[in-house]
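>>> Attaching a predicted model along with its sequence, questions to come.
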Amino acid sequence: RRTGRELRRLVDDVADVEVVVCPPFTSLAALGEELEGSPIGLGGQDAHWEDQGAFTGQISVPMLEDCGCRYVILGHSEMREFQADSDRRVNRKLKRVLESRLVPIVCVGEKLEQREAGRAREVVLGQLERAVQDLPASRLQKLILAYEPVWAIGTGRTATPDTAQEMHSLIRGWLGTRFSSDLPGKVRILYGGSVKPSNVAELMAQPDIDGALVGGASLEASTFAKLVRFGEAD
């Protein structure tokens, strides 16, 4: 609750940036109460594709909605690596979330060895294709995508703005080719790879980067607020 109050004090008045926080599940209910009436959105870090059943340890979409969530992250790189979150599982989760009030934030991204092997584009587009399998463009208009270069998460390495822009442009172009010419303008694409106050402005200046999926820099409300207010004069 203290973090929620601090965050509201620091960013509640920001009008031109959409702010969403996705805390651990144990904090959702308390933070949801603290953020009620605030423009700050609340999101979960994952969701199961079934509403009920024998899925011990899993969180359903209705559970997130009951906590006041408006967003949910799907296919985060750490879920893929440590929880065996396959592209098929992400697809099943996405289909369920799109039936709800929640806005899905679907993550894609390549590992270092995949990039060094020249397979970055193949890996990212493959993840995208399998994530949206059997879904028409009309269902994807509220979709948010997040490009996570896995090799730049928690390593101190950051993709250069040009590298990040190249992949974001590829993703946006793929949306138009795969679906319809108007979908790329409706889907927001976030960058998530060691975003911090020192590099956020340069990254956000790129034409196809619509926002940031922030990791470690979101753990302190004051640091996160600097990212939210990156465009303001000191």
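Nice, I can see it. Numbering: from 1, shown residues only.

>>> What pLDDT does the model give the residue nearest to residue 188 when sequence neighbours are not counted?
Leaving aside its sequence neighbours, residue 188 sits nearest to residue 210 (CB to CB, 6 or more residues apart in numbering; 4.2 Å). For glycine as for every other residue, the C-beta is placed from the backbone atoms N, C-alpha and C. Listed pLDDT for residue 210 reads 98.

>>> Return the residues in contact with residue 210.
Contacts for residue 210 (CB atoms under 8 Å, 6 or more residues apart in numbering) come out as 188, 189, 190.

>>> In a helix, the last one, correct?
No - the secondary structure assignment for residue 190 gives strand rather than a helix, going by DSSP: H, G, I helix; E, B strand; the rest coil.

>>> which residues sit in contact with it?
105, 144, 145, 146, 147, 209, 210, 211, 212, 213.

>>> now do 10 Å
Neighbouring residues of residue 190 by CB atoms under 10 Å, 6 or more residues apart in numbering: 20, 105, 107, 144-148, 168, 209-214.

>>> what's the closest of the residues you listed to residue 9?
Nearest to residue 9 among the contacts of residue 190, counting by CB to CB, is residue 20 at 17.4 Å.

>>> gap between the closest residue in space to the closest one that isn't next to it in sequence and residue 48?
Excluding the flanking residues, the one nearest residue 20 by CB to CB, 6+ apart is residue 41, at 4.0 Å. Separation of residue 41 from residue 48 (CB to CB, to the nearest Å) stands at 21 Å.

>>> So for those two, which residue has more residues nearby?
Between residue 41 and residue 48, counted using other CB atoms under 10 Å, residue 48 has the larger neighbour count: 19 against 16.

>>> How about the more buried one: what's its closest non-neighbour residue?
Closest residue in space to residue 48, ignoring its immediate chain neighbours: residue 58 at 4.1 Å, by CB to CB, 6+ apart.

>>> same check, this time on residue 186
residue 141 is the one closest to residue 186 (CB to CB, 6+ apart), at 4.9 Å.

>>> re the thing from before, export the contacts of residue 210 to a markdown table and append columns for pLDDT and distance to residue 5.
Converted to a markdown table, the contacts of residue 210 look like this (pLDDT from 0 to 100; distance: CB to CB, whole Å):
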| residue | pLDDT | distance to residue 5 |
| --- | --- | --- |
| 188 | 98 | 28 |
| 189 | 98 | 31 |
| 190 | 98 | 26 |
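
>>> Out of those residues, which comes closest to residue 79?
Residue 79 has its nearest neighbour among the contacts of residue 210 in residue 190, at 16.2 Å by CB to CB.
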